[in-house]
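> Okay, here's the prediction I keep looking at, along with the sequence it came from:
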Amino acid sequence: MICCLHNGIVINGLSLNEERSAVLVEDNIILDVFSEQRFLQKNFGPDIKLIDVQGNYIIPGLIDGHTHISMMSKAS
């Protein structure tokens, strides 16, 4: 399935750009990242699911690998 997350702020680790942007994804693979203005000019067909993230952040590829070791229980 192809989906487009739009109307969000994309954090890519390369810039501090906080303009609204869109990310096109197919089967968990990013196909394209583009401005919200370009998104509005595109004509997506009915087979593409559009997801309005309402100004929230889109952080492609972020893996949260931290742990809370101090919160682990002791083995008995």
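Looks like it arrived, so ask away. Residues are numbered from 1 along each chain as shown.

> Quickly find the element holding I9.
strand 2-10 (DSSP states H and E).

> That strand - contacts with which helices or strands?
Counting contacts by 3 or more C-beta pairs under 8 Å, 6 or more residues apart in numbering; DSSP states H and E, strand 2-10 packs against strand 20-26, helix 36-41, strand 48-52, strand 57-58. In short, each C-beta sits where N, CA and C put it, glycine included.

> try 6 Å this time
Applying 3 or more C-beta pairs under 6 Å, 6 or more residues apart in numbering; DSSP states H and E, we find strand 2-10 packed against strand 20-26, strand 48-52, strand 57-58.

> quick one, which of those is nearest to I11?
strand 57-58 (5.7 Å; C-beta to C-beta).

> For that closest one, which strands pair with it and how are they oriented?
Paired neighbours of strand 57-58 in the sheet (DSSP bridges): strand 2-10 (parallel).

> Could you figure out how far the strand holding I9 is turned away from strand 20-26?
150 degrees (axes from the mean of the first three to the mean of the last three C-alpha atoms, to 10 degrees).

> buried residues in strand 2-10?
By neighbour count on 16 or more other C-beta atoms under 10 Å, the buried set for strand 2-10 is C4, L5, H6, N7, G8, I9, V10.

> Residue ranges in the chain under the pLDDT threshold?
Applying pLDDT under 70 to the chain flags the ranges 16, 69-76.

> Recalculate using a threshold of 50.
Within the chain, no stretch has pLDDT under 50.

> Excluding chain neighbours, what is closest to the residue nearest the centre of the chain?
By C-alpha atoms, centre = their mean, the chain has its centre lying nearest to I58, at 3.3 Å. Take I58 and drop its neighbours on the chain: the residue closest to it by C-beta to C-beta, 6 or more residues apart in numbering is G8, 4.2 Å away.
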